[in-house]
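**Student:** quick one, what's the 3D model for this:
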Amino acid sequence: MKTTLIALTTLLLAASAQAQQAPKPEQLIKWRQSAYQVIGWNTGRVKANVDGTYNKDDVIRAANTIAAVANGGLPTLFAAGTDSGKGWHDTSVKATLFSDAAGAAAAQAAFGKEANELARVAQGGDVAAVKAQLAALQKTCKACHDDYRNSN
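**Tutor:** Sure, this is the predicted structure:
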């Protein structure tokens, strides 16, 4: 857990420091691809717990990490000029994300809300509640992907 938080904090601090120095679009794309990898990995950890042997502490750690990334400034990684290009791999973001600021903001707000709720629900240790909240979180992911991500 500490290693994950240290790595995440380092990533976010580096992003913050670089943002002040106007990072290249490729760097922003790498950072956002990394952030979503962290989200995906931790979402998988929660899912594995609700589908298998439940470990409350592992779920809490994963849920807290998802919430931290969700609230860590993701929208700043979608700056102008990052609608195409390559980070670790070609970006899959649709250009409509950049022309639909209100929709993109609403999608991010919904994701943040559900991520925060997952972190809150995880504290209780109720597997059914965590499973339901994970589904709510994943619904926001799917909606955003449907609207703003090209399938590769």
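
**Student:** distance of residue 93 relative to residue 142?
**Tutor:** Distance, residue 93 to residue 142, using Cβ to Cβ, to the nearest Å: 16 Å. C-beta here means a position set from N, CA and C on the backbone, and glycine is covered the same way.

**Student:** look at these two and report which has more neighbours.
**Tutor:** residue 93 (21 against 11; other Cβ atoms under 10 Å).

**Student:** that one against residue 79, yeah?
**Tutor:** No - with contact defined as Cβ atoms under 8 Å, residue 93 does not count as touching residue 79 (11.4 Å).

**Student:** from the chain's centroid, how far away is stretch 62-82?
**Tutor:** Averaged C-alpha coordinates place stretch 62-82 at 6 Å from its chain's average position (Cα atoms, centre = their mean, to the nearest Å).

**Student:** just stretch 141-152 next, same as before
**Tutor:** Using Cα atoms, centre = their mean, the offset of stretch 141-152 from its chain centre is 13 Å.

**Student:** quick one: contacts of stretch 41-61?
**Tutor:** 1, 4, 62-63, 65-66, 118-119, 122-123, 125, 127, 130-131, 134, 137-138, 141 (Cβ atoms under 8 Å, 6 or more residues apart in numbering).

**Student:** repeat the analysis, applying 6 Å as the threshold.
**Tutor:** Under the criterion Cβ atoms under 6 Å, 6 or more residues apart in numbering, residues 1, 62, 65-66, 122, 125, 127, 130-131, 134 lie in contact with stretch 41-61.

**Student:** for those residues, work out which two are farthest apart.
**Tutor:** The two members of the contacts of stretch 41-61 with the most space between them (Cβ to Cβ) are 1 and 131, at 21.6 Å.
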